[in-house]
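Participant: I would like the atomic coordinates for the input below:
(chains A, B, C and D)
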4 protein chains.
Amino acid sequence: MSIISVDTIAASNAPLLEQQKSDYAHLGGQLARRGVDIDAIKAKVKQFAVALPSWGVGTGGTRFARFPGRGEPRHVFDKLQDCGVVHQLTRATPGISLHLPWDHCTDYSELRGKAEAQGMYFDAMNSNTFSDQKDQAHSYKFGSLTHTDASTRAQAVEHNIAVIEAGRQLGSNALTVWIGDGSNFPGQQHFRRAFDRYIDSASQIYKALPDDWRMFLEHKICEPAFYSTVIQDWGSSYLAANALGPKAQCLVDLGHHAPNVNIELIVARLIAAGKLAGFHFNDSKYGDDDLDAGSVAPYRLFLVFNELVAAAHEGVTGFNPAYMLDQSHNVTDPIESLMSSAAQVQRSYAQALLVDRVALDAAQDGNDVLVAAQLLKKGFETDVTPLLQQARLEEGGAIDLLGCYRASGYRAKVAAERPASQGGGGGIV
Amino acid sequence: MSIISVDTIAASNAPLLEQQKSDYAHLGGQLARRGVDIDAIKAKVKQFAVALPSWGVGTGGTRFARFPGRGEPRHVFDKLQDCGVVHQLTRATPGISLHLPWDHCTDYSELRGKAEAQGMYFDAMNSNTFSDQKDQAHSYKFGSLTHTDASTRAQAVEHNIAVIEAGRQLGSNALTVWIGDGSNFPGQQHFRRAFDRYIDSASQIYKALPDDWRMFLEHKICEPAFYSTVIQDWGSSYLAANALGPKAQCLVDLGHHAPNVNIELIVARLIAAGKLAGFHFNDSKYGDDDLDAGSVAPYRLFLVFNELVAAAHEGVTGFNPAYMLDQSHNVTDPIESLMSSAAQVQRSYAQALLVDRVALDAAQDGNDVLVAAQLLKKGFETDVTPLLQQARLEEGGAIDLLGCYRASGYRAKVAAERPASQGGGGGIV
Amino acid sequence: MSIISVDTIAASNAPLLEQQKSDYAHLGGQLARRGVDIDAIKAKVKQFAVALPSWGVGTGGTRFARFPGRGEPRHVFDKLQDCGVVHQLTRATPGISLHLPWDHCTDYSELRGKAEAQGMYFDAMNSNTFSDQKDQAHSYKFGSLTHTDASTRAQAVEHNIAVIEAGRQLGSNALTVWIGDGSNFPGQQHFRRAFDRYIDSASQIYKALPDDWRMFLEHKICEPAFYSTVIQDWGSSYLAANALGPKAQCLVDLGHHAPNVNIELIVARLIAAGKLAGFHFNDSKYGDDDLDAGSVAPYRLFLVFNELVAAAHEGVTGFNPAYMLDQSHNVTDPIESLMSSAAQVQRSYAQALLVDRVALDAAQDGNDVLVAAQLLKKGFETDVTPLLQQARLEEGGAIDLLGCYRASGYRAKVAAERPASQGGGGGIV
Amino acid sequence: MSIISVDTIAASNAPLLEQQKSDYAHLGGQLARRGVDIDAIKAKVKQFAVALPSWGVGTGGTRFARFPGRGEPRHVFDKLQDCGVVHQLTRATPGISLHLPWDHCTDYSELRGKAEAQGMYFDAMNSNTFSDQKDQAHSYKFGSLTHTDASTRAQAVEHNIAVIEAGRQLGSNALTVWIGDGSNFPGQQHFRRAFDRYIDSASQIYKALPDDWRMFLEHKICEPAFYSTVIQDWGSSYLAANALGPKAQCLVDLGHHAPNVNIELIVARLIAAGKLAGFHFNDSKYGDDDLDAGSVAPYRLFLVFNELVAAAHEGVTGFNPAYMLDQSHNVTDPIESLMSSAAQVQRSYAQALLVDRVALDAAQDGNDVLVAAQLLKKGFETDVTPLLQQARLEEGGAIDLLGCYRASGYRAKVAAERPASQGGGGGIV
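Facilitator: The predicted structure follows:
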């Protein structure tokens, strides 16, 4: 099922085919000189997929304001359609990650059918116990899975189990749990008891997991709690995942760490411990900025992929990370940002695949530091654009993502169909 | 005009009077040994005032959710009344800082009259061009005072001028300008041109200032813009204030700096340059957390006051800072947080007054580092609680702020009068 | 054995006795009103000890320069004597932590005898594989316990075992292992393999531990390696300690974390996991600044002790942390800094003991956030100086540490005995 | 005068000539499609120069240890020769920046002659008042230009004037002033008075500047002072430069800022204010790590050059920055690191030249955020390696810098001539 017509894509690609062919050939020649087979890399890139967050196709905001864009999705079916556009042009994003209750729907089998008709499937499910829903019995103001009140914890556990059930119907096989629990004042929370309550609640959710499911624990240093959080870093996440069992693993969101922290090193530690669940990709300069992946620190993204490619290369047991974008598109067309971000993630993956791992091993073993550093840089500095474009082209996608999308007139079309969404500020400075 | 009955306060104070007298006397004796006259300090503390933010009496939130409290103020008159409670018990917060259009009202003279009846006045006015208002002609999605479009800038300038006019009617004498302008992506904004547009717009506002007004420029490193902001630090704030003229000065919000930055040093620089406008007091551990003043890093707050007291002590020309709280009360009763924060700010001021500045000068000149350090610590480690309580008591306030407030039943009373406010989450992860 | 004459101390105390008595009595009265028995607190403070780092009595430096002070210790016997002064006046620092090979000596039983004659003992031993020693076979330029070369690793392991043996002779019962291993460039080190080598080397050291010894693993985010370190945070430290066995635990140096990190939360996690080895106390504003404990962020130090006191109060199984100062005294007389820092650590401990834990539990359980926060603050804001002074006085120490020390003329005396030490800069900008 | 024989270079280049030709031609074709003339870019790259720090050819260290390499330079003539190798192969580093008294020499005209024979000249001179020299009358332990003692300040001023005089003889035309002055404890220093003393001392140096000289003020947030520094950020640097006069400007060292700070924005502010002196290039992950330029955050380096190229493109009045590397090579051959870093800096410059500034202006004006972001990325993602190699090749340099240098055997040769240097650790943990 095409959302953007195949003719539109073909028309966009046509004038670019010749130069694409030439660029791909020249890059192939360059890589061949390094002993790299470009077609083998291309094949791997084609197999690579990064999931889309359903909430990412809407315009995001901050505590100060939200400025909606045109044609914002009204419900999960609109979101599915917007995600379909991203996947149709990039050919890299077949999975969709839902967030309940935002994406609640009365007929999950209908939703699943529509996704499958778009060649898409449902990736990890996300629960939400960081905000109150209408008519909710207990408030999460002072916590959810770690609340001091047992009924509130039970309510949060039940919600997670309901999300698993929805996911089961949708064909998902993972639950991502991120909570906003923590404290804003020294003394507000008993650190050890709150953690114990987390383990207790999470264990109940864990027990409800189908056999082939995994549970992804997401840590975050702060926000919405500004003095402490319960799963504040990978250390706490690891302790929790370990306490829960083998199906529980640690999810890394690139924006959830303290300043200066070496994220790729954390990734390596989690890989070695068999506890890397996967990623929420985005970029950040200050905190959990949720900027487009690779837009601010592309070398950091590459270094993360360097760890992933190395682990795959070495066949580390149990290595099987899930990849997802998690961004807040405040000033761009969300579809454009998601396409561009998916391509950035692919770029980092492809560049990491180019690293000569035999030579790198030798340089590391011999402490030839500069050569080791340059081997990584050589991968990163390679412009793999023609390779990514070729992979998309061969799969029916667009060489020029932005050009094709804008030419399609999709945004104007949905803006006409979908009523304008509310913006405004919260008065919460 | 009493909001809390005088009897309630007296009843709360009564059982504490004896111990208060004894504690004050003993502290007086200790200070006398250091050559400090406790009554002189008390007199200065009584003269000290920190303004309340009108938006601070409502429950704050984050981009993830807002969890309202009971009895939230419905409009500026409710806010005024809540501020009145804070001032009545603390005797330290006679000023109120309004935020327009949030606090828009049709009859400012009525509002002013009510405030004066409470023994209060209107401090600096705040404009808002960081969120769109209903029926606004131009959106601030891509900036306000620095927008690339001249009509949008003009609209933002006009709003600021309208805020000045409202403030004029209310008896205020300062305008605080904080903008959310900036960028989320490298390349989005031409840094130098955006700054030039800021100066141009701000100059138009500056021209509209009444003769006895000041204009406070507030810098912030990030949020809601996550790659760059236009007035990102005190350096840019200084350049702007200098370009505008003598009535423009730089406002320091304690949470608006990069990690690790020495804020008291910035305060000293601005004092020396004659450009310290004043403060938005709050505390933070990670970013612009807007926690209660002194709740996380009380020594930092003291060190800021050490600079202020030193400047006053030395009679630095033009030194005349404005003090205001600016906090987001997400998990506490806002009135309780504001009372407690006002007392913390007073505490830091009183402690800084205790520092032996003659001895400190000598230690600094002689590089007797440890003695210099201990002279500050001696002030900070002194428990000035009896002094603060005595100052409040003598002015008709409450010895035990929290105890008296809770005994008054004020929150339950307004909860009965004011309908429950809407909470919920924004879906903007 | 007295280094400072008992008469000197008595003469220093004499004029202060009366006010000390009065202040202690008044504080006792205040605490009694809170239901706290001041003598019980005093008894606990007397039992509290924090160890001195032998290297801390020399003047520290930076990579830019070292500016020596007068009378610097020439060898471990001089260091022992200087530590003796600190303990004699503070009565709080009976333990000494040695660093080999810096403190190498030919007759450890003589050294032990001298320490015991001063009423002191040897605390955790520290190995050094972060710098090369003369005539060392293999360089640690590219690592020690994690070096890619097996002979270098073996040499580092052997050194640690030698340190254990020296410690055994000295009566110590713990080995602290901090390594400088890591990398300065992305790609330099294979993260997972380096960690595996660490576990392998550390296991060999672990096997050499006497039965009643513990092994303290010290993590650090950076420096001297500036891209990655092998034990970069408490998460890696925990993984390593867990791999080694029950005698291996995680040591927390307050300056070894990323900016903004909540250290007291890490302490709580390690306590819960049974893996808290203890502390290297110091303070910092930017990085591993090694400033005097509590000199910059005293509330942070208090919050750490709040976790420790809570754990002791609750009787957490296996809770038995070791306390040590680890500071670099670049601009002060090291003896003065160590005395002052020991007193700061005591202060935080005493203040944390004052917290009403029953009320705190209730406030936390009931989410009375402000009350919980104020219960901690009440402890912190109490000026426990008279209590600390009384504890010292009763044990034969000095009420006024700095006054007594300066009156003793100790520094001038050793300056006359010990030749001036070399300073200068390294040319390593 | 060749240090590396011309034949060695030719032999290294020979096997690479054909592929270089092909790669350059293909890149030229790609750029032509974007409307960019590769030869024009190449011409600009050839004109670009970045100066070498004389101290950079020695192995650096940390406060923990220094691990010397082979064949370390013994004196300024050795350093000059090593710098000559870097320039001979890169053709990008004709300037050398000296540091006195480290590079003191008895006959500056001889030194200048040798440099000129190598086709090199002397760039900005650096003074050193952050460490004590033998037989120095006054110590800088507590400051130099800002010391409380007038004689110490006078000594520091005199040293700077002597450095200017040496530089005059060498043909330099700028003095870089970085001081270590600051404080380690709150209270140690009176912030405003220390700054006043700085201005007073710096004014005396300023007066001694020859007419055609500039004075570069270098700010730094911390280290070796760990609580405060006197010129802590660009704001203070600007205030100082402004107070001194038009010849004083602000030097930006990429590693001297607080975490998360947007450096390229500071660069833009200084450009607009006419106060950008230039750069000390290096890279960092945590603090002033002094890693190789572009080795950790290459996009940040590009974004800095984006500001520089934009300013040149727009013809900003007075824009004339000085470029210098300032790195500490602790684990690599310094010559290799300097060559590689010079090439990284060139790379960023060349990539920034590729940005379509007309299209960027349009995207910025129209708030087409994603297109603006992608226009920068397009420049950065272009692999300009063939362009840089071609520029070197045509100027007589090496296509493969590392390969050619290693083939030359230079390091082994000087290792044979120069005695091994001392390493070891300082015992200053």
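Participant: which residues touch residue A:76?
Facilitator: A:54, A:98, A:103-105, A:111 (C-beta atoms under 8 Å, 6 or more residues apart in numbering or on different chains). (Each C-beta comes from the backbone N, C-alpha and C, glycine too.)
Participant: now swap in residue A:30 and tell me
Facilitator: A:382, D:23.
Participant: what inclination does the strand or helix carrying it have with respect to helix D:17-33?
Facilitator: Using DSSP states H and E, residue A:30 sits within helix A:17-33. Calculated by axes from the mean of the first three to the mean of the last three C-alpha atoms, to 10 degrees, helix A:17-33 forms an angle of 150 degrees with helix D:17-33.
Participant: quick one, which of the contacts of residue A:76 are buried?
Facilitator: A:54, A:98, A:103, A:111 (16 or more other C-beta atoms under 10 Å in any protein chain shown).
Participant: from these, pick the one nearest residue A:60.
Facilitator: Within the buried ones among the contacts of residue A:76, proximity to residue A:60 (C-beta to C-beta) peaks at residue A:54, which comes in at 12.8 Å.
Participant: surely that closest one touches residue A:100?
Facilitator: No. Using C-beta atoms under 8 Å, residue A:54 is not in contact with residue A:100, being 9.8 Å away.
Participant: can you tell me how far the residue of chain A positioned farthest from its centre is from residue A:399?
Facilitator: Distance from the centre of chain A peaks at residue A:366, with 36.6 Å (C-alpha atoms, centre = their mean). Separation of residue A:366 from residue A:399 (C-beta to C-beta, to the nearest Å): 42 Å.
Participant: what about the residue in the stretch 1-150 of chain A positioned nearest to chain B, neighbour count?
Facilitator: Going by C-beta to the nearest C-beta, chain B is nearest to residue A:131 of the stretch 1-150 of chain A, at 2.5 Å. By the measure other C-beta atoms under 10 Å in any protein chain shown, the count of residues near residue A:131 is 26.
Participant: assign it to helix, strand or coil.
Facilitator: coil (DSSP: H, G, I helix; E, B strand; the rest coil).
Participant: what's the answer for residue A:375, then?
Facilitator: helix.
Participant: okay, and the nearest residue to it once chain neighbours are set aside sits in which element?
Facilitator: Leaving aside its chain neighbours, residue A:375 sits nearest to residue A:360 (4.8 Å; criterion: C-beta to C-beta, 6 or more residues apart in numbering or on different chains). Per DSSP H and E: residue A:360 is located in helix A:357-365.
Participant: what packs against that helix?
Facilitator: helix A:369-381 (3 or more C-beta pairs under 8 Å, 6 or more residues apart in numbering or on different chains; DSSP states H and E).
Participant: would the next helix or strand after the helix it packs on count as contacting chain D?
Facilitator: Per DSSP H and E, the first helix or strand lying C-terminal to helix A:369-381 is helix A:385-394. Yes. Contact between helix A:385-394 and chain D, assessed by C-beta under 8 Å from any C-beta of the partner chain, occurs at residue A:385.
Participant: lowest-confidence entry in the contacts of residue A:76?
Facilitator: Across the contacts of residue A:76, the bottom pLDDT score, 92, is held by residue A:105.
Participant: these two touch, right, it and residue A:78?
Facilitator: No. Residue A:105 is beyond contact range of residue A:78, at 11.5 Å (criterion: C-beta under 8 Å).
Participant: rewinding a little: CA atoms of the helix holding residue A:360 as CSV?
Facilitator: Provided in CSV are the C-alpha atoms of helix A:357-365 (Å, rounded to 0.1, in the frame of the first residue of the first chain):
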residue,chain,number,x,y,z
ARG,A,357,38.7,-4.4,12.6
VAL,A,358,41.7,-6.6,12.0
ALA,A,359,43.9,-3.6,11.8
LEU,A,360,42.2,-2.0,14.8
ASP,A,361,42.8,-5.0,16.9
ALA,A,362,46.5,-4.9,15.9
ALA,A,363,46.8,-1.2,16.7
GLN,A,364,45.1,-1.6,20.0
ASP,A,365,47.2,-4.6,21.0
